[in-house]
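>>> Let's see this in three dimensions:
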Amino acid sequence: MIRSVLPTATLLVAALLGGCAGGAAPLTFDLAALPAGGRPVASGRAIVVSEPVGIQPFEADRIIVRQGGGSLSFLGGGQWADRLPRLIQTRIIQSLENAGRLRSVSRPGDKVTADYQLISEIRAFDIQTATGEAVVDLSLKLVADGTGRVAAARIFTARVPVGSVDAGSGARALDQALVMVLADIVRWVNTGR
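This is a model prediction of the structure:
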């Protein structure tokens, strides 16, 4: 009798494990940089863009949902193409390069002599269920390289309505909000306004 139960138990465990392995992989979403626009008018400034810092949930590649009481959770079924700070850093660099107004835009460690370092913090990059909005809130400082003096500082925020709290809708709304913030950041870095 034990011999007949053992093969049945083995098949049951294999079926359960197969079901776990066959689960759907989360959709992967990217964020957009601003496209190249207009005629480049390069200034003599060079900027190094540091990777943004933020609280631990923003350090991951997961899409975050902020509940009305302030609790944070990850949105199932979707993820970013990379860790969020690295992805935002890359899109800031690309957007500044695409504007064509700076002598160079680089990352720390690229061994490029810079006039300024752009330091940022992710204050919000999530879907807020209380308001039904995707919120991007970044704090930036333009720091003179060499002296460490803060030349300028500003907070950039954008809110975009979210039709439903699912991976596709949330990622699209956060991408739209980031594009709005990137446009403001590029204008601010290039003109000081």
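>>> Point to the helix or strand of the chain where mean pLDDT is at its lowest.
Least confident helix or strand, the chain: helix 2-21 with a mean of 38, by mean pLDDT, DSSP states H and E.
>>> And the next helix or strand past that one?
strand 27-29 (DSSP states H and E).
>>> centre of the chain versus that next one, how much separation?
Averaging C-alpha positions (Cα atoms, centre = their mean, to the nearest Å) puts strand 27-29 13 Å from its chain's average.
>>> who does that strand pair up with?
Note on strand 27-29: by DSSP bridges, its sheet partners are strand 72-80 (parallel).
>>> For the next helix or strand after the strand it pairs with, which helices and strands make contact with it?
Using DSSP H and E, the next helix or strand after strand 72-80 towards the C-terminus is helix 84-99. Where contact means 3 or more Cβ pairs under 8 Å, 6 or more residues apart in numbering; DSSP states H and E, helix 84-99 is packed against strand 46-49, strand 53-54, strand 104-106, strand 116-128, helix 167-191. Glycine gets a C-beta too; all of them are placed from N, C-alpha and C.
>>> For this structure, which residues score under the pLDDT cut-off?
By pLDDT under 70, the weakly predicted segments of the chain are 1-23, 38-42, 192-193.
>>> do that again at 80, thanks
Counting by pLDDT under 80, the chain has low-confidence residues at 1-24, 37-44, 192-193.
>>> Tally up the residues packed near residue 83, please.
Residues contacting residue 83 under the criterion other Cβ atoms under 10 Å number 15.
>>> cool, residue 154 as well?
Residue 154 has 15 neighbouring residues, counting by other Cβ under 10 Å.
>>> Okay, the residue lying closest to residue 72 once chain neighbours are set aside and residue 124: tell me how far apart.
Ranked by Cβ to Cβ, 6 or more residues apart in numbering and with sequence neighbours excluded, the top spatial neighbour of residue 72 is residue 57, at 5.2 Å. Distance of residue 57 to residue 124, computed by Cβ to Cβ, to the nearest Å: 11 Å.
>>> Then residue 58?
Taking Cβ to Cβ as the measure, residue 58 and residue 124 are separated by 9 Å.
>>> between these two, who's got more neighbours?
Using other Cβ under 10 Å as the criterion, residue 58 and residue 124 rank with residue 58 on top: 21 against 18.
>>> For that one, what are phi and psi?
Here is the backbone geometry of residue 58 (degrees, to the nearest 10): phi -80, psi -10.
>>> Apart from its chain neighbours, what residue comes closest to it?
residue 122 (4.6 Å).
>>> Phi, psi for the residue nearest to residue 80 when sequence neighbours are not counted please.
Of all residues beyond its chain neighbours, the one nearest residue 80 is residue 61 (4.5 Å), with distances taken as Cβ to Cβ, 6+ apart. Backbone torsions for residue 61, taken as degrees, to the nearest 10, come to phi -110, psi 20.
>>> residues near residue 61, how many?
17.
>>> Nothing else from me, thank you.
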